[in-house]
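K.L.:
I would like to see how this sequence folds:
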Amino acid sequence: MKARTLRRIFNLWPPFLFAGIRVQRLDDDYRYARVKLKLAWYNRNYVRVHFGGNLFSMTDPFWMIMVLKCLGDDYVVWDQAGEIRFVAPGRADVFADFQIDESVLDEIRAATAGGEKCLRWFETDVRTASGEVVAVVRKQVYVRRKRR
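P.N.:
Okay, the predicted model is just below:
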């Protein structure tokens with residue numbers, strides 16, 4: 001699937017659409033993505049800041065999909081674990097950037113070359129437009145070469 005098509009699907013997907021989450025950019029090579037979560041009356045918590053579940057949701061699928069697309073069909077890729085650390089109250093729109101370097105892909109290829117699994121942690125800062133960190137999300141991705 002083309003990245004442009006997937007970005008459009010994400011932006012119409014009910015869990016993102018109704019939470020105020022928009023994929024602003026997803027590069028054709030799946031090496032970079034930028035996601036925005038706007039602060040609105042319908043996605044605030046009791047104390048009128050971003051609901052923590054939405055902060056996690058805005059980051060949830062990207063590392064797995066980007067690793068899967070970058071490595072290709074010879075690999076099995078799954079989310080293994082995730083965690084979030086709240087740093088500051090989210091009182092404005094927030095953004096998350098995801099970028100995979102070739103060196104990370106090479107590391108995963110090397111770790112899985114003999115058929116072993118690789119568990120790799122990826123970290124994403126959720127920031128306001130001014131750069132203030134609101135949350136830090138970590139995702140562990142499971143990767144293994146497909147057995148033939």
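K.L.:
burial count for Ile21?
P.N.:
23 (other C-beta atoms under 10 Å). C-betas here are computed from N, CA, C, even on glycine.
K.L.:
What is whichever helix or strand Ile65 is part of packed up against?
P.N.:
Per DSSP states H and E: Ile65 is located in helix 62-71. In this structure, helix 62-71 makes packing contacts with strand 32-37, strand 75-86, strand 94-99, helix 102-112, strand 118-128, strand 133-145, judged by 3 or more C-beta pairs under 8 Å, 6 or more residues apart in numbering; DSSP states H and E.
K.L.:
Can you give the contact residues for it?
P.N.:
3, 6, 29-31, 33, 35, 75, 77-79, 96, 98, 100, 105, 108-109, 120, 122, 124, 139, 141, 143 (C-beta atoms under 8 Å, 6 or more residues apart in numbering).
K.L.:
residues contacting the nearest residue to Tyr42 once chain neighbours are set aside?
P.N.:
Counting by C-beta to C-beta, 6 or more residues apart in numbering, Tyr42 lies nearest to Gly20, which is 7.2 Å off, once chain neighbours are set aside. Neighbouring residues of Gly20 by C-beta under 8 Å, 6+ apart: Leu37, Lys38, Leu39, Ala40, Tyr42, Asn43, Asn54.
K.L.:
residue contacts, the nearest residue to Phe95 once chain neighbours are set aside?
P.N.:
Leaving aside its sequence neighbours, Phe95 sits nearest to Lys36 (C-beta to C-beta, 6+ apart; 5.3 Å). The contact partners of Lys36, by C-beta under 8 Å, 6+ apart, come to Ile21, Arg22, Gln24, Met58, Asp93, Val94, Phe95.
K.L.:
burial measure for the third one, as a count.
P.N.:
As a burial measure, the neighbour count of Gln24 was computed by other C-beta under 10 Å and equals 12.
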